[in-house]
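**Student:** Fold the following for me, if possible:
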Amino acid sequence: MTHHWQSLYRFVWVLPAFLSACANLPPELEAPDVAPVHLPQVVEEPTAFQGEKVRWGGVILSVENETKETWVQILEKPLNRSGRPKESAQPRGRFLMHTTTFLDPAIYSQGKELTVVGTLNSMAERTVGKRKIQLPVIEAESWRLWPEQTSVGTPAYPYWWYDPWWGLYYRGWPYWYY
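**Tutor:** Below is the predicted model of the structure:
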């Protein structure tokens, strides 16, 4: 086998393993009995879905720590296959995560992405602006605070056939030196 075919052969075998690793849920978000229930359904019929286990996520709006419990208000967004909120997706509403664990507002700060697995418990009233609204409450069993996404820029090559290494050294000096 030539070197070219060997590297292609390795690539063909490594690629599926790499892609399957990218699409798995993190261990804290795995739950086999999660119901395919969406936030708008629960807002419309809150009592019909009480007790259902769900996996929802979104962007943190606020964290309220009380004496023995924490409430996190989240702007819900659809999740991708890895359980992370889709950055470009339209929000579908708000929900509350409830836990007895202390969550530091400096770590769980506004704007960070969070995915929660838990049981739909009830509705709770919150004020947004001057309006009182009812929000679904998830009794959190586990959650994941996602690290900030870093954007990967596209190369600045003008054409697909442009070779960025061509002419790297011109007359013995790097081309950017001139």
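**Student:** how far away is residue 121 from residue 39?
**Tutor:** 14 Å (CB to CB, to the nearest Å). (Each C-beta comes from the backbone N, C-alpha and C, glycine too.)
**Student:** neighbour-wise, which of the two wins?
**Tutor:** residue 39 (21 against 15; other CB atoms under 10 Å).
**Student:** Look up the pLDDT of that one for me, please.
**Tutor:** pLDDT recorded at residue 39 is 90.
**Student:** Just the residues contacting the helix or strand hosting residue 62, thanks.
**Tutor:** Residue 62 belongs to strand 53-65 when assigned by DSSP states H and E. With CB atoms under 8 Å, 6 or more residues apart in numbering as the test, strand 53-65 has contacts from 29, 31, 33-35, 37, 39, 70-77, 79, 83-85, 91, 94-95, 102-103, 105, 108-120, 138, 141.
**Student:** hmm, try it at 7 Å
**Tutor:** Applying CB atoms under 7 Å, 6 or more residues apart in numbering, the contact partners of strand 53-65 are 29, 31, 33-35, 37, 39, 70-77, 79, 83-85, 91, 94-95, 102-103, 105, 108-120, 138.
**Student:** Would you map the strands across this protein?
**Tutor:** For the chain, applying DSSP state E gives strands covering 53-65, 70-77, 93-99, 113-128, 131-145, 169-170, 173-174.
**Student:** The first one: partners in the sheet, and parallel or antiparallel?
**Tutor:** Paired neighbours of strand 53-65 in the sheet (DSSP bridges): strand 70-77 (antiparallel), strand 113-128 (antiparallel).
**Student:** Highest mean neighbour count across those, which stretch is it?
**Tutor:** Most buried of those, by mean neighbour count (mean count of other CB atoms under 10 Å): strand 70-77, with a mean of 21.
**Student:** Give me the angle between that one and strand 131-145.
**Tutor:** With axes from the mean of the first three to the mean of the last three CA atoms, to 10 degrees defining the directions, strand 70-77 sits at 90 degrees from strand 131-145.
**Student:** Could you check how far strand 70-77 is from the centre of its chain?
**Tutor:** Here strand 70-77 is found 13 Å from its chain centre; the criterion is CA atoms, centre = their mean, to the nearest Å.
**Student:** Let's see it as CSV, backbone CA atoms only.
**Tutor:** In CSV, the C-alpha atoms belonging to strand 70-77 read as follows (Å, rounded to 0.1, in the frame of the first residue of the first chain):
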residue,chain,number,x,y,z
THR,A,70,-31.9,27.8,44.5
TRP,A,71,-34.1,29.0,41.7
VAL,A,72,-32.7,29.5,38.2
GLN,A,73,-34.8,31.2,35.6
ILE,A,74,-33.8,30.0,32.1
LEU,A,75,-34.8,31.2,28.6
GLU,A,76,-35.5,27.9,26.9
LYS,A,77,-34.0,26.9,23.5
